[in-house]
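Q: sharing a model that was predicted from the sequence below.
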Amino acid sequence: MSSEQGLRDELTIGPPGSQYTMSPAEGPADSSEELTYQYGLEVEARSQWAYARRRFFRHRLALGSLIVILLIFGAGVFANFLAPYNYDQINLNALSVAPSWHHLFGTDSAGRDSLSRVLFGIRTSARVGILVGVLSTLIGTIIGGLAGYYGGWADNLLMRVTDLFLTLPLLAVLLVAAKYLGHSTPTKLALLLAFLIWTQIARIVRGSFLSLREKEYVEAAKAAGAGDLRIMLRHMLPNTIGPIVVSATLTIGTAILLEAVLSFLGFGIQPPTPALGALLNEGQDQGIDKWWLVTFPGIVIVIIVLCINFIGDGLRDALDPTQRRVRA
Amino acid sequence: MADPILSIRDLVVEFTTEDGVVQAVDGISYDLYPGETLGIVGESGSGKSVSTMSLLGLIPQPPGRIVRGEAIFQGKDLLKVSKRELRRIRGRDLAMVFQDPMTSLNPVLKIGFQIAEAIKAHNPKVKDSAAKKRAVELLKIVGVPNPERRVDQYPHEFSGGMRQRAMIAMAIANEPAVLIADEPTTALDVTIQAQILEVLKKAQEEAHAATILITHDLGLIAELADRVIVMYAGKVVELGDVSTIFGNPRHPYTIGLMDSLPKLTAEEEWLRPIPGQPPSLISRPPGCPFHPRCFLSQGRVRCREEEPELRPIDKTAHLTACHFAEELEGRVGHLAEPVGAGT
């Protein structure tokens, strides 16, 4: 191949087989834009989501965490298929045995398989976490959105209520509430947690709506006759979705941690339903030599919460539209 | 002449600020007739935007307040109808083209979606597919090439001129009776401005709309407007046909505005600005608001003490608010040169 040939190849632009010439055979194109399309010169546009996805997938820690979380939660969801034993199945021949091939995480003093209990515990914790994430995001977004959009006395009222919730000593309230609500099912506990930790999302959404309210495109939407609800849902919410998604993710981590704390203190999920915090509680009763009973559930909690926080970080980087830098 | 489609009487709009009450619009009255283009010119802060925004209920209240006045549109007073009704009128019968297309489109929504929204906000029964088809049609009308592809793009993929076209498409989506264009070309390149003017003209014809064109660009007015309102310090100081205002202005402020334009044929080396600053709208000067800057006033007592009424010149439709308008006869010399768009 001569060098001249190589040069010509480089100058070829457009769909395969077409040669770029100054006078298109199809007739005169009247604007440069049409020329652009004709020769396929335009850059394929990516949507905001495509950009975000790309940035997220380049964030290795976040991507890795996402995979780990999916594996762990997946294991919890399919616990009844994956677990070698049922969580309340008692094996009197293997009381408090150390980890072995038969019982990877060992067994407790009642001879129940610890791995199975951890898997079912993950299911409980994940369910609580995700339910709290969804509910508190919903509550927070509605309250914050209304406060930010309407401003004035509505804002004042809603934000003072938010402040009130923020000032509550979370653990004390949770303990009292858990005591009086009686036997805690995962759903009941999730509702309780969601009711108490929506405040952060409310503040984020309020701040975002306050600034979006002054944007010209919101005024333009108003001038086009859009109603309040339409403006909030169609024009402002999509502009806030990034922070909402990030804080919803982080809320899941917080909720799992809080559930573990409550269960550990004996006020959360009640036995025999296994929950990660409850497993810790049971483990510590049985003495330090049964190290496997606290170690494995503990490690799982740490990994879950750590991964969720990494995913949150990754999402924050990916969804921040001001950040166009792509990670190498 | 036909009955006016929009008729504004004695509109007063105030803003409460920390320094006091600003009278942004101080008793203006005008009519808009079907099919015409009415230009409103004035300096920044002369109340030209506020006067129209208040019609649509788009000034923030508080601090803004419509003190009095009426705006009769299709038999209803826009300043008195309920919020709900006003919302129905906005965008359907009275549509607006905003100044800055860069910030007036929602960055996270597709152009087609935003145009379809403008349609669906008033016709909830329209199907998504039909609304999108109409959006493509509208983009074609305003001269966006490849509308079928463009309709699915985001604002950041549009250039400034294209965005303004999209904004105009949104404004005429419901064939409004009145189109308000608030400085539609200010944020654009000079080369694009002329194109947008063409689009605006075409859009106006397409929608059979009467247009209010708000601008500080006299060239634009000369190009597009049929009649002109000159505003100063929240008041109408002169009103007349575009040819009358440009050829035979009868208010010293209008003359000052025109004198301050750069001219190709003039031999002066310096521009001729109007001396002084626009008055503070918190404490306006007594008498004629323009008298401290006026070449005609020269310290005359009447200018300082008596506020001039808007009155007709020679019993024509040409109105001016100057006590000594008659002395301005014949001051046309330096306006012989035509003023083009984008000067």
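A: Noted; the coordinates are in hand. Residues are numbered from 1 along each chain as shown, chains lettered A, B, ... in the order given.
Q: so where's chain B uncertain?
A: B:1, B:265-268, B:330-343 (pLDDT under 70).
Q: for B:E148, see how far away the residue of the stretch 51-200 of chain A found nearest chain B is.
A: Nearest to chain B in the stretch 51-200 of chain A, going by C-beta to the nearest C-beta, is A:G152, at a distance of 9.1 Å. In this view, the C-beta of every residue, glycine as well, is placed from N, C-alpha and C. Computed as C-beta to C-beta, to the nearest Å, the A:G152 to B:E148 distance reads 44 Å.
Q: ok, now A:L131?
A: To B:E148, A:L131 is 44 Å away according to C-beta to C-beta.
Q: coming back round to it: between A:G152 and B:E148, which is the more surrounded one?
A: Remark: of A:G152 and B:E148, B:E148 carries more neighbours, 12 against 9, as counted by other C-beta atoms under 10 Å in any protein chain shown.
Q: pull out the buried positions in the helix or strand hosting that one.
A: Here B:E148, judged by DSSP states H and E, is contained in helix B:147-150. For helix B:147-150, the neighbour count (16 or more other C-beta atoms under 10 Å in any protein chain shown) marks B:P147, B:R150 as buried.
Q: ok, and what's touching the very next helix or strand once past it?
A: Per DSSP H and E, the first helix or strand lying C-terminal to helix B:147-150 is helix B:160-171. Residues outside helix B:160-171 that contact it (C-beta atoms under 8 Å, 6 or more residues apart in numbering or on different chains): A:220, A:224, B:95-98, B:101-102, B:104-105, B:111, B:114-115, B:118, B:135, B:138-139, B:141-144, B:150, B:155, B:158, B:179, B:184-185, B:187-189, B:192, B:195-196, B:199-200, B:203.
Q: please name the bridge partners of the residue sitting nearest the centre point of chain B.
A: By C-alpha atoms, centre = their mean, chain B has its centre lying nearest to B:I214, at 1.7 Å. Per DSSP bridges, the residues bridged to B:I214 are B:I40, B:D182.
Q: can you check B:K76 too?
A: The partner residues for B:K76, given DSSP bridges, come to B:F73.
Q: same check, this time on A:I269
A: Note on A:I269: beta-bridge partners A:S184, judged by DSSP bridges.
Q: doesn't A:F296 lie inside a helix?
A: Yes: secondary structure of A:F296 (DSSP: H, G, I helix; E, B strand; the rest coil): part of a helix.
Q: I'd say it and A:D108 touch.
A: No: with contacts defined as C-beta atoms under 8 Å, A:F296 does not count as touching A:D108, sitting 11.3 Å away.
Q: pretty sure A:A194 contacts A:V128?
A: No: between A:A194 and A:V128 no contact is recorded; they are 9.6 Å apart, counting by C-beta under 8 Å.
Q: which one of those two has more residues nearby?
A: The residue with more neighbours, out of A:A194 and A:V128, is A:V128; 33 against 22, by other C-beta under 10 Å.
Q: give the contact list for that one.
A: Neighbouring residues of A:V128 by C-beta under 8 Å, 6+ apart: A:P186, A:L189, A:A190, A:L193, A:A255, A:I256, A:E259, A:I269, A:A275.
Q: and the residue of the stretch 151-300 of chain B nearest chain A?
A: For the stretch 151-300 of chain B, C-beta to the nearest C-beta, closest residue to chain A: B:E157, 5.2 Å.
Q: what about that residue, distance to B:G112?
A: Applying C-beta to C-beta, the value for B:E157 to B:G112 is 12 Å.
Q: and stretch B:253-272, how far apart are its ends?
A: 13 Å (C-alpha to C-alpha, to the nearest Å).
Q: buried residues in that stretch?
A: By 16+ other C-beta under 10 Å, the buried positions in stretch B:253-272 come out as B:Y253, B:T254, B:I255, B:G256, B:L257, B:M258, B:D259, B:L261, B:K263.
Q: narrow those residues to those in helices?
A: Per DSSP state H, helices hold the following members of those: B:Y253, B:T254, B:I255, B:G256, B:L257, B:M258, B:D259.
Q: what about whichever residue of chain A sits closest to chain B, neighbour count?
A: For chain A, the residue closest to chain B is A:G225, as judged by C-beta to the nearest C-beta, at 3.1 Å. Counted with other C-beta under 10 Å, residues neighbouring A:G225 total 23.
Q: phi, psi for it please.
A: phi 90, psi 20 (degrees, to the nearest 10).
Q: nearest residue to it other than its sequence neighbours?
A: Nearest residue to A:G225 in three dimensions, chain neighbours excluded: B:G91, at 3.1 Å (C-beta to C-beta, 6 or more residues apart in numbering or on different chains).
Q: same check, this time on A:L175
A: The shortest distance from A:L175 to any non-neighbouring residue, by C-beta to C-beta, 6+ apart, is to A:F267 (5.3 Å).
Q: surely that neighbour meets A:V176?
A: No: using C-beta under 8 Å as the test, A:F267 is too far from A:V176 to be in contact (9.0 Å).
Q: what about those two, which has more around it?
A: The neighbour comparison of A:F267 against A:V176 (other C-beta under 10 Å) goes to A:F267, with 20 against 12.
Q: state the helix or strand in which the more buried one lies.
A: Per DSSP H and E, there is no helix or strand for A:F267.
Q: could you pull out the strands for the stretch 1-150 of chain B?
A: Taking DSSP state E, counting those that start in this stretch, the strands of the stretch 1-150 of chain B run over residues B:6-17, B:20-32, B:37-41, B:64-73, B:76-77, B:94-97.
Q: which one of these is the most hemmed in?
A: Neighbour counts (mean count of other C-beta atoms under 10 Å in any protein chain shown) averaged over each of those peak at strand B:94-97, with a mean of 28.
Q: what residues does it touch?
A: Residues outside strand B:94-97 that contact it (C-beta under 8 Å, 6+ apart) are A:220, A:223-224, B:52, B:55-56, B:58, B:73, B:78, B:90, B:164, B:167-168, B:170-174, B:176-182, B:184, B:200, B:209.
Q: whichever residue of chain B sits closest to chain A: what's it in contact with?
A: For chain B and chain A, the shortest gap (C-beta to the nearest C-beta) falls at B:G91, measuring 3.1 Å. Applying C-beta under 8 Å, 6+ apart to B:G91 gives the contacts A:A223, A:A224, A:G225, A:A226, B:A118, B:A121, B:H122, B:A173, B:N174, B:P176.
Q: what is the burial count for the fifth one?
A: The number of residues packed near B:A118 is 28, by other C-beta under 10 Å.
Q: same check, this time on the second one
A: By other C-beta under 10 Å, 27 other residues sit near A:A224.
Q: give me phi/psi at it?
A: phi -80, psi 0.
Q: wait, it sits on B:K120?
A: No: if you go by C-beta under 8 Å, A:A224 and B:K120 don't touch, sitting 10.2 Å apart.
Q: touching, A:A62 and A:I311? I think so.
A: Yes: using C-beta under 8 Å, A:A62 and A:I311 qualify as a contacting pair, with a distance of 5.4 Å.
Q: what sits in contact with each of the two?
A: Contact criterion C-beta under 8 Å, 6+ apart; residues shared by A:A62 and A:I311: none found.
Q: tell me what B:Q23 is bridged to.
A: Residues in beta-bridge contact with B:Q23 (DSSP bridges): B:E14.
Q: cheers, nothing more for now.
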